[in-house]
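Participant: have a look at this prediction, sequence included:
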Amino acid sequence: QVQLVESGGGLVQAGGSLRLSCAASGRTFSRYSMGWFRQAPGKEREFVAGINWSDHGTYYGDSVKGRFTISRDNAKNTVYLQMNSLKPEDTAVYYCAASSGLGVVTSRLYNYWGQGTQVTVSS
């Protein structure tokens, strides 16, 4: 069982930055691939970024490439999402998720989800 708690969301102006954190419980965090997804009102959940547990390879959704960076600190059981050059269209609830496999892009591959943190980007 893994519990995930996101933090770091908030209100920021367009062009600004935020760093989201996701703290995981459990002693096997290093064996989980981690991902960030987001969901805006009236829209489907969207893959944002993922990092696998094996070689820490990273993957990004097309809309955030070059602006967002995912990283993990296994010693702290935490995964981060650094978000730069934020745009109003980045406004959404951001969810952290954990997968026991290597795939990170598809939401159905994830076993555990956090409650989400709101990110609002004003124009």
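Facilitator: That came through, no problem. Just so it is clear, the structure is predicted and the values come from calculations on it, not from any experiment.

Participant: quick check: mean pLDDT across the helix or strand containing T120?
Facilitator: Per DSSP states H and E, T120 falls inside strand 117-122. Average pLDDT, strand 117-122: 98.

Participant: same thing with stretch 13-28?
Facilitator: 95.

Participant: what bridges to the most centrally placed residue in the chain?
Facilitator: Residue closest to the average C-alpha location in the chain (CA atoms, centre = their mean): W36, at 2.3 Å. Assessed by DSSP bridges, W36 has beta-bridge partners A49, C96.

Participant: what about it, distance to A98?
Facilitator: 11 Å (CB to CB, to the nearest Å). Where you see a C-beta, it was placed from the backbone N, CA and C, and this is true even at glycine.

Participant: residues contacting A97?
Facilitator: By CB atoms under 8 Å, 6 or more residues apart in numbering, the residues touching A97 are L4, M34, G35, W36, F37, S107, Y110, Y112, W113, G114.

Participant: picking up where we left off before, the residue nearest to the centre of the chain reaches L81, doesn't it?
Facilitator: Yes: counting by CB atoms under 8 Å, L81 is a contact partner of W36 at 4.9 Å.
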